[in-house]
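**Student:** okay, predicted coordinates and the sequence, questions at the end:
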Amino acid sequence: MKPLDVKRSTVTLDPDRTHVLARPFSLMGDQRSIKVSARVMALPEGEVHALLEGVRAEFGDRQLKIDDFLRRRFNEVSPYLLNGQRLSEERKLLLGGYFTHEYSLEAAALFNPSMTPHPDQSNLPAGSLRFILSLRATAEGHVSSIAFRSGVLDGTSNVTMDVPSRYSLEPTQVPNSTFEKQLFERKLQELRLMGDFNHEVLNGLSDAFTMDELCASISRTERQLPEPQRETTKGVARETLMLARSNYEVQFMPESRLSERVLFPVTPSQSNGIEDARFVLFHNDDGTNTYYATYTAYDGRMILPQLLETSDFLRFKFITLNGPAVENKGMALFPRKIKGLYAMLGRQDAENIYVMFSDHLHFWHTMQLILQPKFPWEFIQLGNCGSPIETEAGWLVISHGVGPMRKYCIGAFLLDRDDPTKVIGRLPEPLIKPNAHERDGYVPNVVYSCGSLVHGEQLVIPYGVSDYATTFATVPLKQVLEAME
């Protein structure tokens, strides 16, 4: 294969330990929490004032609106106080501080980027594109969250990154967000939870219901059962609530900057991380656009492919994916329907690449093998590096292959536009392999991406460097297509 003109950018995004997020700090059990609360309650008011001022002085420039967070934490831990106790506002905030800690989001790594056009393309020079970069931020305990950055590609695809904010913020869960009864029932059926108990639960709900209404209907249905049956339905009730809690919406403050927004694991299925989000700008049939991201939820034992949905990067929906075809890592959604069906790539067997089709975005039942390891640099496994990119020649898929010494390289292949089960081109050699400056990091000898784009005549590939930092490369699209076997 003729060498390609791959140009590495001088822009590098290194992990920044100063990006700290205020997080709830949970003590070891209720009794210890009660003891700590009692100690704070015994402090004289003057000492409470001095201690709170010390917290504000030490952490106020590291956290936006720190008093607001401490007040929320107090409200969450107030059950540890004796009933009827009256507290000053300062004592409430100080109590909140004892149940709060800082988490350095990217202390270990900032990598595996996904690149999509920004919804705001105003006030740019001709030929430029504003983009959003989602990143996997990893820190203490190897817990991963989703962070965001923004930047601009100029007319020749040079990268300029916007200066990120000093602060980090979590969203709030949208109160009273509703579930569609018909859709929720289908998800219960997929999980084999749709027995007599849940029939009664759903009969007590309207076509659109809230989490509170679901909890009330479950409690009401349980009370109506004879005592022996209540024990047998506890597991079903617990799994039903877990499904509901895994399908939720969150909202960032409108005034927050993109780089301040962090999607941190909150549900049991995400407890050990939200990994490798692959964002894509999806073109709906009605002419509107929606951003979707497939990601991997990890609880320390099991991995679950799931879905994110947003139109503005302020409000996000977390959605469970169902069906036997959504297994393992590396799902990547096509940016539009094909012949009336959603299409998605996957790697269900941890080795080969498959394509799936579905009439509903949340449910995937069948898959078809389309690509297997062929060249020595990919003998261990293949996978996608983000959603397919539509070109006149076909669907361009940036891929990764794993070879000897577990070395990850980035490659590419081409699928037919009308029938993406057909592979019509494939690079015999890697596009990008770790060079001498990229092979050392958190996980050595790895280059990896979760989403690229075409800008003008250039293919722009953001990629993670040894699971530590992030950089960019560009290569003429025409060269990539012409090099395909």
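**Tutor:** Nice, thanks for sending it over.
**Student:** where does pLDDT dip in this structure?
**Tutor:** 301 (pLDDT under 70).
**Student:** tell me, how many residues neighbour residue 397?
**Tutor:** Applying other CB atoms under 10 Å, we find 28 other residues in the vicinity of residue 397. No exception for glycine: its C-beta is placed from N, CA and C like everyone else's.
**Student:** what is it paired to in the beta sheet?
**Tutor:** With DSSP bridges as the criterion, residue 397 is bridged to residue 413.
**Student:** tell me the contacts of it?
**Tutor:** With contacts taken as CB atoms under 8 Å, 6 or more residues apart in numbering, residue 397 has the following neighbours: 345, 384, 385, 388, 389, 412, 413, 414, 415.
**Student:** wait, doesn't the third one sit right on residue 452?
**Tutor:** Read it as residue 385. Yes. Counting by CB atoms under 8 Å, residue 385 does reach residue 452; the two are 7.1 Å apart.
**Student:** output the longest helix belonging to this protein.
**Tutor:** helix 227-245 (DSSP state H).
**Student:** against which helices or strands is that one packed?
**Tutor:** helix 181-190, helix 196-203, helix 211-224 (3 or more CB pairs under 8 Å, 6 or more residues apart in numbering; DSSP states H and E).
**Student:** just to revisit the earlier point, may I ask which of the contacts of residue 397 has the most neighbours?
**Tutor:** For these, neighbours were counted using other CB under 10 Å, and residue 385 has the most, 30 neighbours in all.
**Student:** contact partners for it?
**Tutor:** Applying CB under 8 Å, 6+ apart to residue 385 gives the contacts 397, 398, 399, 400, 410, 448, 449, 450, 451, 452, 461, 463.
**Student:** show me which of those residues is closest to residue 380.
**Tutor:** Proximity to residue 380 was ranked across the contacts of residue 385 by CB to CB; first place goes to residue 400, at 10.6 Å.
**Student:** quick one: neighbours of that closest one, just the number.
**Tutor:** When counting by other CB under 10 Å, one arrives at 24 neighbours for residue 400.
**Student:** residue numbering should commence at 52 henceforth.
**Tutor:** Let's use 52 as the start, then, which means that last one is residue 451.
**Student:** ok, now how distant is it from residue 160?
**Tutor:** Taken as CB to CB, to the nearest Å, the spacing of residue 451 relative to residue 160 amounts to 17 Å.
**Student:** and the contacts of residue 448, which is closest to residue 457?
**Tutor:** The nearest one, if we look at the contacts of residue 448 relative to residue 457 and count by CB to CB, is residue 436, at 16.6 Å.
**Student:** could you point out which of the helices and strands packed on helix 278-296 sits nearest residue 120?
**Tutor:** Of these, nearest to residue 120 by CB to CB is helix 262-275, at 23.1 Å.
**Student:** show me what the closest one is packed against.
**Tutor:** Packing partners of helix 262-275 (3+ CB pairs under 8 Å, 6+ apart): helix 247-254, helix 278-296.
**Student:** and it, how far out from the chain's middle?
**Tutor:** A distance of 31 Å separates the C-alpha centroid of helix 262-275 from that of its chain, computed with CA atoms, centre = their mean, to the nearest Å.
**Student:** and the angle for it with helix 247-254?
**Tutor:** Counting by axes from the mean of the first three to the mean of the last three CA atoms, to 10 degrees, helix 262-275 lies at 130 degrees to helix 247-254.
**Student:** need the residues that contact helix 262-275.
**Tutor:** Under CB under 8 Å, 6+ apart, the answer for helix 262-275 is 227-228, 230, 248, 251-253, 255-257, 260, 281, 284, 288, 291-292, 295-296.
**Student:** again, 10 Å this time
**Tutor:** By CB atoms under 10 Å, 6 or more residues apart in numbering, the list of residues contacting helix 262-275 from outside reads 224, 226-230, 232, 235, 247-257, 260-261, 280-281, 284-285, 287-289, 291-292, 294-296, 298-299.
**Student:** now do stretch 245-261
**Tutor:** Contacts of stretch 245-261 from elsewhere in the structure, counted by CB under 10 Å, 6+ apart, are 226-233, 235-240, 264-265, 267-273, 275-276, 280-281, 283-284, 287-288, 290-291, 295.
**Student:** give me the domain ranges for this structure.
**Tutor:** The chain is divided into the following domains under automatic domain parsing: 58-67+156-222+303-533, 74-154, 225-296.
**Student:** quick check: closest non-adjacent residue to residue 107.
**Tutor:** residue 117 (6.6 Å; CB to CB, 6 or more residues apart in numbering).
**Student:** then residue 181?
**Tutor:** What sits nearest to residue 181 in space, not counting adjacent residues and going by CB to CB, 6+ apart, is residue 169, at 4.0 Å.
**Student:** correct me, but the one you found touches residue 330?
**Tutor:** No. Here residue 169 does not reach residue 330: they are 11.3 Å apart, not a contact under CB atoms under 10 Å.
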